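> got a structure for you, letters missing:
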Ligand code: MTE
């Protein structure tokens, strides 16, 4: 990024999934449900590689995740008429600077990250602060599959099936006080396993920090994510817990979250601190507000190559304008970029 210098609810999974995968998925689900019934096992059981044909099964899946997977609400939200990005691209073309600056570095280096045990701190302006083991943190929530566009500020994009739950559910549970105006997300710093954090050349002042206004966080499309492609979240995609806000540039999606603070003031976020002229707090996808060094009018949908760059126009709020535009009514989006 800088280091070097539709309506959602009314469409079906067949709208976004290649037919062969869709049909084989249906067959697999029917087969596994029948098999599970015969064997007396719960639901779909462990990580479900057959749900997405090109997905590697996760080798070791914690019990809390496999328990939760059996009750996921599949395809709770999808996008219409767009193919899901191959798993390989979604897991090998990443930004996770703690693991290095190149797109392949997170896949090469994040395997060493230990995501168990993991805890999440909730603090600040809340009635119920606490430090939770991840399995307890996740336990109260119904997980859903949300198939969202992901638009990076660097002008590439993907379509990813996440598994998570609305942050609004967490917010209601922890009872914010009247002074809580923003959420601040802080992510892991692990000197031993994160080569980017060890590097003297990194410009980032760790930890990686992101933030949302309270009403943005309360929006039903904003989710906390623990899985993708029918399986547990890959380390390079932000395991075990990340933020996904589909109408904003991808850098808002803080990975490997360890702390969520409810605060009165707008938090200083990582990219804003590093280059305030280039990256703002809001970071809403907007084709008519260019990055100072490149246009945002178009994007490259992965997979993309020299002979098939797969360029498409960028959509206002990444295609979620109908749902979220009212959050910004009356705001000058050129100033609040
Ligand atoms: N979170 C942390 N902790 N560190 C990072 O470097 N990069 C962000 C975001 N979350 C980043 C992060 C950026 S710039 C993008 S575009 C998305 O993660 C990329 O998510 P993906 O690799 O799962 O596509």
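Sure, I can see it. Keep in mind that this is a model prediction, so the values were computed, not measured.
> is it true that residue 85 touches residue 162?
No: applying Cβ atoms under 8 Å, one finds residue 85 not in contact with residue 162, separated by 11.9 Å. Placement of C-beta: from N, CA and C, glycine included.
> Compare these two (neighbour count), which wins?
Set side by side, residue 85 and residue 162 show more neighbours around residue 162, with 25 against 21, by other Cβ atoms under 10 Å.
> Return the distance of that one relative to residue 275.
The gap separating residue 162 from residue 275 is 28 Å, by Cβ to Cβ, to the nearest Å.
> Around the ligand, which positions in the stretch 51-200 of the chain sit nearby?
Proximity of the stretch 51-200 of the chain to the ligand, by Cβ under 6 Å from any ligand atom, involves residues 94-98, 150, 152, 187.
> Tell me the pLDDT of residue 144.
Note for residue 144: predicted pLDDT of 97.
> Need the max-distance pair from the residues of the stretch 51-200 of the chain next to the ligand.
Greatest spatial distance in those: 98 and 150, 18.8 Å, computed using Cβ to Cβ.
> how about the strands in this protein?
Counting by DSSP state E, residue ranges of the strands within the chain are 73-77, 119-124, 130-133, 144-151, 156-166, 182-187, 209-213, 223-228, 231-232, 242-244, 257-263, 298-301, 311-313.
> pLDDT weak spots in the chain?
Scanning the chain for pLDDT under 70 picks out 2-50.
> can you pull out the helices in it?
For the chain, applying DSSP state H gives helices covering 19-39, 63-69, 87-92, 105-109, 134-138, 167-174, 195-198, 214-218, 270-274, 321-324.
> how much space between the spatially most central residue of the chain and residue 158?
Nearest to the mean C-alpha position of the chain, by Cα atoms, centre = their mean, lies residue 244 at 3.3 Å. Here residue 244 is placed at a distance of 12 Å from residue 158 (Cβ to Cβ).
> now residue 304
According to Cβ to Cβ, residue 304 stands 10 Å off from residue 158.
> Specify which residue of these two has the higher count of neighbours.
Shown here are residue 304 and residue 158; by other Cβ under 10 Å, residue 158 has more neighbours (21 against 16).
> shouldn't that one be in contact with residue 300?
No: if you go by Cβ under 8 Å, residue 158 and residue 300 don't touch, sitting 10.1 Å apart.
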